[in-house]
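Novice: Sequence first, then the predicted structure:
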Amino acid sequence: MEESGYESVLCVKPDVHVYRIPPRATNRGYRAAEWQLDQPSWSGRLRITAKGQMAYIKLEDRTSGELFAQAPVDQFPGTAVESVTDSSRYFVIRIEDGNGRRAFIGIGFGDRGDAFDFNVALQDHFKWVKQQCEFAKQAQNPDQGPKLDLGFKEGQTIKLNIALASWPLREKCKSNPVDWLGCDSFSRLEETNI
């Protein structure tokens, strides 16, 4: 799929907190309870943007909009964004500085609704990416889809029930066989059904 030339905003949350996180001790996952939640390292605004297939989590200053950190996300769920094991409001993201250096930081929302919106915005974007890839594959190979055969099979019949017009209209058609409504066809139907 080709890279789109414009950047779209998927989600904006005005209040997010950033935490320094200790190294992961086990493979069980990160725990927000170990982060000193009462002392965030930074607070600001979170914006999720998309450019082509990539999503970007941008942490920005609330007033000036200056970029604090950015986390490119190429798939979700994945290593770029992980949920913590003990809360639905906190996540671990992998930020990059553009020179190839990476770091893992914790982010947290004061409201579960904001955390839910964050999660859904990423899910929806990558669902869209998957659909676009499938559409591109189908466009390249249109013959691979199932064929829809609406023709009759040999020996197959159908039965049509045609409702006749009300009785006064039929009587009118019998008296005047040349009618602009085509009532003579009704009289022919009546004659065959009687």
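Specialist: It's in.
Novice: Go through this structure and flag its longest helix.
Specialist: If you go by DSSP state H, the chain has its longest helix at helix 112-140.
Novice: Would you point out the helix or strand in this protein whose mean pLDDT is lowest?
Specialist: The weakest-scoring helix or strand in the chain, judged by mean pLDDT, DSSP states H and E, is helix 183-193 (a mean of 49).
Novice: In the sheet, which residues pair with residue 9? Tell me.
Specialist: residue 49 (DSSP bridges).
Novice: and residue 31, how many neighbours does it have?
Specialist: 18 (other C-beta atoms under 10 Å). C-beta here means a position set from N, CA and C on the backbone, and glycine is covered the same way.
Novice: wait, doesn't it sit right on residue 85?
Specialist: Yes - with contact defined as C-beta atoms under 8 Å, residue 31 reaches residue 85; the gap is 5.7 Å.
Novice: Please name the spatially closest residue to the residue most central in space within the chain (chain neighbours excluded).
Specialist: In the chain, the residue lying closest to the centroid (C-alpha atoms, centre = their mean) is residue 124, at 3.8 Å. The spatially closest residue to residue 124, leaving aside those adjacent along the chain, is residue 10, at 7.4 Å (C-beta to C-beta, 6 or more residues apart in numbering).
Novice: That neighbour reaches residue 50, doesn't it?
Specialist: Yes - counting by C-beta under 8 Å, residue 10 touches residue 50, with 5.5 Å between them.
Novice: what touches both of these two?
Specialist: Residues touching both residue 10 and residue 50 (C-beta atoms under 8 Å, 6 or more residues apart in numbering): residue 125.
Novice: Mind checking the pLDDT average for the helix or strand encompassing residue 107?
Specialist: Residue 107 is part of strand 102-109, with elements assigned from DSSP states H and E. Taken as a whole, strand 102-109 has a mean pLDDT of 93.
Novice: Ok, stretch 6-22 next?
Specialist: Rounded mean pLDDT across stretch 6-22 is 92.
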